[in-house]
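Q: Quick one, what's the 3D model for this:
(4 chains)
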There are 4 protein chains.
Amino acid sequence: MRKREELRHTYGFDEVALVPGDVTINPDQTDISLSIGEHKLDIPILASAMDGVVDPKFAIELGRLGGLAVLNLDGVQARYENPDEILQAISEASAEAVTSIIQRAYKEPIKEELVARRVKEIKDAGVVCAASVTPASAKKISPIAVEAGLDILVVASTVTTARHISKSYRGLIFSELCEQMPVPVVVGNCVSYSAAMELMKAGIAGFLVGVGPGAACTTREVLGVGVPQVSATMECAAARDDYLGETGRYVTLITDGGLRTGGDICKSLASGADGVMMGSPFARTSEAPGRGCHWGMATPDMNLPRGTRIRVGVNVDLNQLLNGPTSMSDGTENLVGAIKTCMGVCGARDIKEMHSTEVVVATSIKTEGKAWQIAGLH
Amino acid sequence: MRKREELRHTYGFDEVALVPGDVTINPDQTDISLSIGEHKLDIPILASAMDGVVDPKFAIELGRLGGLAVLNLDGVQARYENPDEILQAISEASAEAVTSIIQRAYKEPIKEELVARRVKEIKDAGVVCAASVTPASAKKISPIAVEAGLDILVVASTVTTARHISKSYRGLIFSELCEQMPVPVVVGNCVSYSAAMELMKAGIAGFLVGVGPGAACTTREVLGVGVPQVSATMECAAARDDYLGETGRYVTLITDGGLRTGGDICKSLASGADGVMMGSPFARTSEAPGRGCHWGMATPDMNLPRGTRIRVGVNVDLNQLLNGPTSMSDGTENLVGAIKTCMGVCGARDIKEMHSTEVVVATSIKTEGKAWQIAGLH
Amino acid sequence: MRKREELRHTYGFDEVALVPGDVTINPDQTDISLSIGEHKLDIPILASAMDGVVDPKFAIELGRLGGLAVLNLDGVQARYENPDEILQAISEASAEAVTSIIQRAYKEPIKEELVARRVKEIKDAGVVCAASVTPASAKKISPIAVEAGLDILVVASTVTTARHISKSYRGLIFSELCEQMPVPVVVGNCVSYSAAMELMKAGIAGFLVGVGPGAACTTREVLGVGVPQVSATMECAAARDDYLGETGRYVTLITDGGLRTGGDICKSLASGADGVMMGSPFARTSEAPGRGCHWGMATPDMNLPRGTRIRVGVNVDLNQLLNGPTSMSDGTENLVGAIKTCMGVCGARDIKEMHSTEVVVATSIKTEGKAWQIAGLH
Amino acid sequence: MRKREELRHTYGFDEVALVPGDVTINPDQTDISLSIGEHKLDIPILASAMDGVVDPKFAIELGRLGGLAVLNLDGVQARYENPDEILQAISEASAEAVTSIIQRAYKEPIKEELVARRVKEIKDAGVVCAASVTPASAKKISPIAVEAGLDILVVASTVTTARHISKSYRGLIFSELCEQMPVPVVVGNCVSYSAAMELMKAGIAGFLVGVGPGAACTTREVLGVGVPQVSATMECAAARDDYLGETGRYVTLITDGGLRTGGDICKSLASGADGVMMGSPFARTSEAPGRGCHWGMATPDMNLPRGTRIRVGVNVDLNQLLNGPTSMSDGTENLVGAIKTCMGVCGARDIKEMHSTEVVVATSIKTEGKAWQIAGLH
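A: Below is the predicted model of the structure:
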């Protein structure tokens, strides 16, 4: 019966800016590594478990470059012997037909044999293997994937909580799952202090932060639900820090969804994230399986699709996206260079130090320059 | 003589978002029913008393689907033996001519015989019958409608208060009306705590919240008057809760006007509404009498028209609008599915629990995803 | 040496809305009269002292309809025997040539004989006659105008203060002017509490509030100076009220500039104005001398023109603009009807009661309806 | 481990406005001079050290008009015997080719002989000579420039701090540089109180404020770093004032980047700046070497280009830009007239008094007038 009180203000990437530090550091002296359980990644960037973004080949390439791709064990790789056919069909479908084509494609059942095979393909290349399941499929599929060599298990849905009430099935108990699985469990997505705290108490190794912001997601329009990423990350980082203070255990926070540029990644880290997960930027690479398209796991929903196929085109390779060089000056390429340069001007030697960078509300941030360019051009 | 103080900030649907809960619930376990007096509706959605939206046939269909349509007893159904002719003429009028055609159409007098006949048509189909009158016509028309079987009486004007000062006629006394009428009385529209409180003290069963936001309404431009719907709902919900605390009587709050999507409905409920009233979304259905057009009751005003005919087209049927399935991912269809899914992720078993969902200010809510999609498409 | 503190937020018409009252009143029972000194006007609307808006014929017409037009004694009416020739030339000039044509037109000297004749033309028609001078010309021209029968003297410049420092001429002392003039003196423009207070102490009868917002004014771009009208009016109204409390003398506050619609007028009154002054809306009438054009007195400035000729077209007559009826539903016509209707829903019997209406910040005010209309149209 | 707290709000030029004072002053009685060390400039405007803006000829012209141009000793003037060839090539390059052409042009080494010659060219004309170096090149190039007669040394990079950590080279120690150089040292850019304070303690004579806002700069998109200019200037002015209180030494604050109009300059001064530095407005003059183009020093970066060539055209001469007269009413010409007029209406006799002008948040500042003009035109 609260209400009528002052509402909390929340902020997204385009509404904030970072304040440079009092010391600057040469970019080559910054450490941008990320740890998830016992696994250490050279760069703090994960690729989303989306069928247009990650297949085993892509996961191997990104692993070799220091990042981590999450394979979707609820998607076409686990449903089709030859997923390329269906990926081709989706990419070629007309805008009118695409949702029903996607809805049909995901009626094909998941095959346990394919779950195991996809994990092995990645492991055989010698890189860290991460894959995702849904809360509903976690109990059945996780053991198969772990058996096949999985390193990191991701359990994800639009909104994930430690407690789920259902009469049709016994809800997934995360504390049981974390105990049973011999690998670190990453869970998401969540956006609030209390939900993050409950998930950490269940024993997870990391969690994904973000509801609603992704390019291929329309949860905000359809359900009204979502918290902009800067505020969601700050809330969950406060929970992560308090949990660390109480227990001494550090849980990894990954901001997931809505990130477009190097600037967005830097803002996530300054807000308290240890790393980020991106879909759209990777979908643009020549290594991605989606042929320049991507879509989320809420798109195939038969009754209430939230999201659609986004066509981003193929216009960069993975190494250039991450490491440059680039002639693009809009922040969409050389993401690693942007992180290191930003940490240099913010005086942060590593990502933990980056958490202390001041974040300010700066709505006008793009207007100033842009208005002038427009004025200048006429 | 106040002024110069800090002004109160108010918010509309596009400026807020809902924060998911700490528990999630399967959508099929949520109860979204709405009570008005002794009547219980399966779904918390009412159709506005607009001539382009509700006729007896539409009211019967919506009633069968669990909602409630309010018939306008001040409109063409009560003025014309055959209203379809005039509805056809309005839908076919040119943009230049339409306001004067509407102005002329509403000069035809209201017939008491038609008032009774329209109510009976709806009652004969076995559904709950609600109909609206204006404060000025309430005393004359209400008894006829009740006599004919009316279940719920709605008394509505742009701004309704418990006290109206006039020298030309003795103002409607709501406390007298509520005592005289053997059916629940719903009154509106109001947007402030104190106006809502006075109306409840007069004995009403429910009230409509919202001044200015509707698509067919330009009260805000013409008069400068209006409060955005999220804040208006919160103010009035605070009054409803305080009145409940003082008297033990629960008055139903219906957010009315400006709702477009499932997300807007969910935000209304989280702000404290028990249900919502919509015009435009229903005007789009093949069951609506307006042939893809709708207009408000301030449009025919001879001196100061506020609003115009809005053409929305006919592009969905009523059942699909409410229950899906849909291939639209913008929140405009499967409204019931959206409410149930949203309540699931917010951990709300019924609408009263939904009132506790946190509402945050999130201006950027649509920008994040949209900007990226636009960037991605070029 | 202040700074770094929290900045004060200010608001314009498009950022606020009015909250309806707890009582409603029939519009025909509202009193919207305005007093300036001993003169009482039936409607609280003044026409700006702009050469495209007011000539003697226009002043007579507006006076007969209950309002008040201010004749510009620094403009073409006081410089040319036959001002229509020059008004015609300005209206027909190309966009490129117009600023220099206006600059040239205002080099013609002011003729004392014409000053007196224009005032007499208005007085002979039996209406209240108001006319404006600049601070620099006040001492010379005011006595001639008063001698000719002037009722209200307006002394106006972009920014007016009670103290002006100059070495080239002895600044105008408002307290001396007010003592010498046998008619009420109205002064402007100002936007702050302290400037308004000093002007009132000089003995003025009324003041104009607003710097920067007018359509024909670009002071904000050129100088960075200006305060949005809602906040400026509230600041100055607080000064007016405090001065009343201290001295018992009520000084009339006129919000001047940037008003477009009936809603804007209502917001000014709710913010504390006793009346409003408008230019653009009157320039659109067939009675205005500008042939559908208007421009401000900073436009002819040879070095630093602030403003330009605005072409608004001729599309309404004065009576319809003020009293309707209208088929426009955007608030630009039937301004008197809008004021009376708004005061009715706000429960204000007269303008002083209207000062108590709550003003809320409501940025989204137009978005809700508009977004839906746009969505509905495709 | 802070976070989750209320974020600080920051503001840019388009979000604020200035409140007129209680006294007005004739513009011809205002003093707008600016001091840097022992040098006094008649007008408080510097031209940015950009290759498209400043060459020796331009510096001489601006110096004669009372301002100060900063020559870029890291650019084409110090790399090429005949820089006009390369400037011509850059101005003629296609949009696709221009970044790589600029990258190639800046691979040509800097010649010490040219550094000395450019400085002498300016000094020989009898005007104050200022030139810029980067922190990395400061130790090598500064002595040569000073030897050749340099009056003011500017050391600038995107973000400058008093302490820089690097393992590849010993960072520039500003306190050492200030002691060794017999001329005033101006350093930038910075945006925070503490960074400004540390730089002042190193002994600098002035500093440049602004990270991210310039037209030719995309630091905000690429790195997420930046503070809008009004807030950055206020923060740094607070440091300047506190440092003055502690030490009695006054350090000159120059707001640098993102300024378009006279209004922007006035807002900078009211926020606490002693002067401003502009690039784009000067690039438009016929005296500028860039042939209507300009670009920043981050554009040639091989790995992470931030910024691009901006084409503004050649459409004004330097004297008219500064002193008018003008027929432009958008604030882009007669900058000196705008400063003096603004100081007049704000009642400020000199720039120090201008620091006391009230700055208010006024987002709507341009909307009011513009919306009306648009409405008026149809």
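
Q: contacts, neighbours, all on C-alpha from now
A: Will do.

Q: What is the neighbour count of A:A195?
A: For A:A195, the neighbour count with other C-alpha atoms under 10 Å in any protein chain shown is 22.

Q: Contacts only, for it.
A: Contact analysis of A:A195 by C-alpha atoms under 8 Å, 6 or more residues apart in numbering or on different chains lists A:161-162, B:21-23.

Q: same question, A:D74
A: Applying C-alpha under 8 Å, 6+ apart, the residues near A:D74 are A:110, A:132-134.

Q: which parts of the top helix by length along chain A are buried?
A: Identified as the longest helix of chain A according to DSSP state H is helix A:229-247. By 16 or more other C-alpha atoms under 10 Å in any protein chain shown, the buried positions in helix A:229-247 come out as A:229-243.

Q: what's it packed up against?
A: Judged by 3 or more C-alpha pairs under 8 Å, 6 or more residues apart in numbering or on different chains; DSSP states H and E, helix A:229-247 is in contact with helix A:193-201, strand A:206-209, strand A:252-256, helix A:262-270.

Q: In CSV, list the contacts of A:D74 along with secondary structure, distance to chain D and pLDDT.
A: Formatted as CSV, the contacts of A:D74 follow (DSSP: H, G, I helix; E, B strand; the rest coil; distance: C-alpha to the nearest C-alpha, whole Å; pLDDT from 0 to 100):
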residue, secondary structure, distance to chain D, pLDDT
A:I110, coil, 41, 96
A:S132, strand, 30, 97
A:V133, strand, 31, 96
A:T134, coil, 30, 93
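
Q: Name the nearest residue to A:V115, ignoring sequence neighbours.
A: In space, and not counting its chain neighbours, A:V115 is closest to A:A78: 5.2 Å by C-alpha to C-alpha, 6 or more residues apart in numbering or on different chains.

Q: Contacts made by stretch A:144-161 with the rest, please.
A: For stretch A:144-161, using C-alpha under 8 Å, 6+ apart, the contacting residues are A:70, A:112, A:115-117, A:119-120, A:123, A:128-135, A:138, A:142, A:181-190, A:195, A:198-199, A:211-212, A:298, B:20-24, B:345.

Q: Narrow the residues you listed to those that are buried.
A: Buried, going by 16+ other C-alpha under 10 Å: A:70, A:115-117, A:119-120, A:123, A:128-135, A:138, A:142, A:183-190, A:195, A:198-199, A:211-212, A:298, B:20-24, B:345, out of the contacts of stretch A:144-161.

Q: Filter those down to just the ones in strands.
A: Counting by DSSP state E, the part of the buried ones among the contacts of stretch A:144-161 found in strands is A:70, A:130-133, A:185-190, B:23-24.

Q: and the most centrally placed residue in chain A, what does it touch?
A: With distances taken as C-alpha atoms, centre = their mean, A:M277 lies nearest the centre of chain A, 2.6 Å away. Listed by C-alpha under 8 Å, 6+ apart, the contact set of A:M277 reads A:45-48, A:254-257.

Q: And for A:G37?
A: A:184, A:205-206.

Q: Identify, from the residues you listed, the entry nearest to C:G272.
A: Nearest to C:G272 among the contacts of A:G37, counting by C-alpha to C-alpha, is A:G206 at 56.4 Å.

Q: Can you tell me how far the closest one is from A:I254?
A: 7 Å (C-alpha to C-alpha, to the nearest Å).

Q: neighbour count winner among these two?
A: Taking neighbours as other C-alpha under 10 Å, A:G206 and A:I254 compare with A:I254 leading, 31 against 26.

Q: any weak-confidence spans in the stretch 151-300 of chain A?
A: Applying pLDDT under 70 to the stretch 151-300 of chain A flags the ranges A:168-169, A:214-217.

Q: Pick out the residue in it sitting closest to chain D.
A: A:G263 (3.8 Å; C-alpha to the nearest C-alpha).

Q: Thought D:V225 was touching that residue, still the case?
A: Yes: contact status for A:G263 versus D:V225: in contact at 7.4 Å, counting by C-alpha atoms under 8 Å.

Q: what residues does chain A put near chain C?
A: For chain A, no residue is in contact with chain C (C-alpha under 8 Å from any C-alpha of the partner chain).

Q: Next, the buried residues of stretch A:58-75.
A: Going by 16+ other C-alpha under 10 Å, stretch A:58-75 has these buried residues: A:58-63, A:65-75.

Q: cool, stretch A:160-174 as well?
A: A:160-165, A:171-172, A:174.

Q: so which pair among those residues is furthest apart in space?
A: Those two in the buried residues of stretch A:160-174 that are separated most widely, counting by C-alpha to C-alpha, are A:I165 and A:F174, at 13.4 Å.

Q: Enumerate the residues of the stretch 201-350 of chain A near chain D.
A: A:231, A:234-235, A:237-238, A:241, A:261-264, A:266-267, A:271-272, A:324-332, A:334, A:337-339, A:341-342, A:345.

Q: redo that, cut-off 6 Å
A: Selection of the stretch 201-350 of chain A residues close to chain D by C-alpha under 6 Å from any C-alpha of the partner chain yields A:234-235, A:262-263, A:325, A:329-331, A:338, A:342.

Q: got it, and the stretch 1-150 of chain A?
A: A:17-19, A:22-26.

Q: for those, which one is nearest D:V312?
A: Using C-alpha to C-alpha, the residues of the stretch 1-150 of chain A next to chain D come closest to D:V312 at A:A17, 27.3 Å.

Q: isn't the closest one right next to A:V360, touching?
A: Yes: between A:A17 and A:V360 there is a contact at 5.5 Å, judged by C-alpha atoms under 6 Å.

Q: and those two? which has more neighbours close in?
A: A:A17 (30 against 20).

Q: Quick check: phi and psi on the more buried one?
A: Backbone torsions of A:A17, given as degrees, to the nearest 10, read phi -150, psi 160.

Q: contacting residues around it?
A: A:359-360, A:362, D:224-226 (C-alpha atoms under 6 Å, 6 or more residues apart in numbering or on different chains).

Q: Kindly report the same for A:V54.
A: Applying C-alpha under 6 Å, 6+ apart to A:V54 gives the contacts A:L71.

Q: Likewise for the one 10 residues further on?
A: In this structure, A:R64 makes contact with no residue, judged by C-alpha under 6 Å, 6+ apart.

Q: Repeat the analysis, applying 8 Å as the threshold.
A: Here A:R64 is in contact with A:V127 (C-alpha under 8 Å, 6+ apart).

Q: same question, A:I101
A: A:90, A:93.

Q: quick check, it in a helix?
A: Yes: residue state for A:I101 (DSSP: H, G, I helix; E, B strand; the rest coil) corresponds to a helix.

Q: Around the closest residue to A:P44 other than its chain neighbours, how many other residues sit close by?
A: Sequence neighbours aside, A:G275 is the residue nearest to A:P44 in space, at 4.5 Å (criterion: C-alpha to C-alpha, 6+ apart). Applying other C-alpha under 10 Å, we find 26 residues neighbouring A:G275.

Q: gap between A:G275 and A:R64?
A: 17 Å.

Q: Likewise for A:S329?
A: In terms of C-alpha to C-alpha, A:S329 sits 26 Å off from A:R64.

Q: show me the contacts for A:C236.
A: So A:C236 contacts A:191-193, A:196, A:209, A:253 (C-alpha under 8 Å, 6+ apart).
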